[in-house]
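Q: structure for this input, please:
(one chain, ligands or ions: 2)
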Amino acid sequence: MKTRILVIEDERTALQSLALLLEDEGYEVLKAESGEIGLQIALQQEPDLILLDIRLPDVDGISVLRRLRAGHSESAVIIMTADTNSSNAIRATQNGAFDYIAKPINDEHLLVLIRRALEYRRLEQEVRSLRQAPAEAPAIPGMVGHSLAMQEVYKMIGRVANSDATVLITGESGTGKELVANAIHEFSRRSAGRLVKVNCAAIPENLLEAELFGHEKGAFTNALARRIGRFEQAQGGTLFLDEIAELPLAVQAKLLRAIQDRSIERLGSNTAIAVDFRLITATAHDLSQAVANGRFREDLFYRLNVVNVHLPPLRTRPEDIPLLIQRFLNRSQRPVSIREDALSLLLGHTWPGNVRELENVITRAIVLAPGGVITPDSIQFSDRMPNAAAALELPFSHRDGYWNVIRRVESQLIRTALEDARGNKAEAARALGIQRRLLYEKMAEFGIAE
Ligand SMILES: Nc1ncnc2c1ncn2[C@@H]1O[C@H](COP(=O)(O)OP(=O)(O)OP(=O)(O)O)[C@@H](O)[C@H]1O
Ligand SMILES: [Mg+2]
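A: Ligands and ions are numbered 1, 2, ... in the order given. Predicted structure coming up:
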């Protein structure tokens, strides 16, 4: 079915020329020369989008907007106005307009706005239908945990699996993000296709583009043969981009295009190749923070975050700990049990490394358990879990530059130590294990007041 656009514009020549422009673009156009007629058509025919002149002879555009919303119209609305002072624009968007465009209208700009509004509306509808879908928590092989928070996760997996919706999986390190990606793929109609995984943090920046998009022979110095990229490998299947926050800005732009066009070009080629993939991304970092810092494109963020599956940290769902322990104990060759006091010890831990940390602790405990019984003595928490740093949700990236990051960490350490010591510098220096002189130097360097 064609996308339908209703144009509400009292000036007949303007109305005609807009209609021609839109019909040329393949849209079906409905026309109204007054606000009342426009409203009637809008509510009866539910067009996908409405182009609304703000100054109409009978009613003004803002009240048309209000009545559309009151009538539960879901059409996207773009306001046309000769007078683009900000109060107009703010009032329009406050009343649910997607955007506004200044008259006289620039055709190209208008078409871009329309495409964007339609895409936004499509995503909105997709999300709404997913939220409303009846959700039964599927039994997910490989995942245990019966806490309410995890039940929600399972339900989300069940809801999104059957759609092609793009999913962003968030959660601290070790919470099971990769397991969720596996599950979504396995439950989806794409399970016969491949699940192609790329860890964006593990591949050097200059190689990442070729890795994802592939290259032709001779595309660059070392391109000795043609290489099929990850997008093409995921044809008919799922592409999982892990650690997405680490994607360099240049590659972000190309990813956005691949999502929009559903096609890619290999490096060294101008031929567009259609790719049919479902995209899942994951990060332990706060992507919206990265957007705020200018390290992540906002438009791409919205594309990736169509559906968010968030994994709760283990410390917020201690009721899952016994089940997880049982799961990990069952992997042991010989039967192993856990003593009550050892279990309480584990229940009391905060698990900065989440399930992965628990898994490691149990694996070690099994080895150390005398006579197949885990006691508090067989439990060793390592304070430096391999991924504990990531669990702190560090507010910076290696892309900020080594010394900038170090300086920020230093200054944070000094401030925290001083606060903790209530301003007592001798005590702060002792806690940090540094000379008092160095503390003074650093305070001066970072402009920390006495
Ligand atoms: N609910 C769960 N049930 C069973 N095992 C789990 C569960 N959640 C996580 N695990 C196990 O914990 C380990 C870490 O999980 P996973 O690799 O999916 O975490 P992650 O969120 O991707 O971590 P990172 O951000 O560090 O990559 C894996 O060995 C996984 O099998
Ligand atoms: Mg992971």
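
Q: show me the contacts for residue 143.
A: Counting by C-beta atoms under 8 Å, 6 or more residues apart in numbering, residue 143 makes contact with 150, 154, 176, 179, 180, 183. All C-beta atoms are positioned from the backbone trio N, CA, C, and that covers glycine.

Q: relative to ligand 2, how far out is it?
A: Going from residue 143 to ligand 2 by C-beta to the ion, to the nearest Å gives 14 Å.

Q: just to revisit the earlier point, list just the nearest of the contacts of residue 143 to residue 282.
A: Checking these against residue 282 by C-beta to C-beta gives residue 180 as the nearest, at 7.9 Å.

Q: output the contacting helices and strands for the helix or strand hosting that closest one.
A: Here residue 180 sits within helix 177-187, counting by DSSP states H and E. Using 3 or more C-beta pairs under 8 Å, 6 or more residues apart in numbering; DSSP states H and E, the elements in contact with helix 177-187 are helix 148-161, strand 167-170, strand 195-199, strand 238-242, strand 278-283.

Q: make a markdown table out of those and add mean neighbour count.
A: Listed next are the helices and strands packed on helix 177-187 as a markdown table, based on neighbours: other C-beta atoms under 10 Å:
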| stretch | mean neighbour count |
| --- | --- |
| helix 148-161 | 19 |
| strand 167-170 | 24 |
| strand 195-199 | 19 |
| strand 238-242 | 24 |
| strand 278-283 | 25 |
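
Q: with distance to ligand 1 and mean pLDDT added, can I get those in TSV?
A: What follows is the helices and strands packed on helix 177-187, written out as TSV (distance: least, C-beta to the nearest ligand atom, whole Å; pLDDT from 0 to 100):
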stretch	distance to ligand 1	mean pLDDT
helix 148-161	7	88
strand 167-170	8	97
strand 195-199	8	96
strand 238-242	7	98
strand 278-283	6	98
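
Q: right, and those - which one's nearest residue 114?
A: strand 278-283 (24.3 Å).

Q: if you count neighbours, what's buried in stretch 259-269?
A: Neighbour counts over stretch 259-269 (16 or more other C-beta atoms under 10 Å) mark 264, 265, 266, 267, 268 as buried.

Q: excluding chain neighbours, what is closest to the fourth one?
A: Nearest residue to residue 267, sequence neighbours excluded (C-beta to C-beta, 6 or more residues apart in numbering): residue 215, at 3.9 Å.

Q: where in the stretch 201-350 of the chain is pLDDT low?
A: For the stretch 201-350 of the chain, not a single residue meets the criterion pLDDT under 70.

Q: enumerate the residues of it near ligand 1.
A: 284, 324, 327 (C-beta under 6 Å from any ligand atom).

Q: okay, residue 106 and residue 79: tell me how far apart.
A: Noted for residue 106: a distance of 15 Å to residue 79, by C-beta to C-beta, to the nearest Å.

Q: before we move on, what about residue 147?
A: Residue 147 is 46 Å from residue 79, by C-beta to C-beta.

Q: neighbour-wise, which of those two wins?
A: Neighbour count, other C-beta atoms under 10 Å: between residue 147 and residue 79, residue 79 has more, with 26 against 17.

Q: chain center to stretch 15-33: distance?
A: Centroid separation between stretch 15-33 and its chain, computed with C-alpha atoms, centre = their mean, to the nearest Å, is 36 Å.

Q: what are the contacting residues of it?
A: For stretch 15-33, the surrounding residues in contact (C-beta under 8 Å, 6+ apart) are 2-10, 12, 38, 40-41, 45, 47, 51, 105, 107, 110-111, 114.

Q: filter these down to the buried ones.
A: Buried by 16+ other C-beta under 10 Å: 3-10, 38, 41, 47, 51, 105, 110, 114, out of the contacts of stretch 15-33.

Q: just the residues you listed: which are in helices?
A: Per DSSP state H, helices hold the following members of the buried ones among the contacts of stretch 15-33: 38, 41, 110, 114.

Q: quick one: the third one and residue 101 touch, right?
A: Yes: at 5.7 Å, residue 110 counts as touching residue 101 under the criterion of C-beta atoms under 8 Å.
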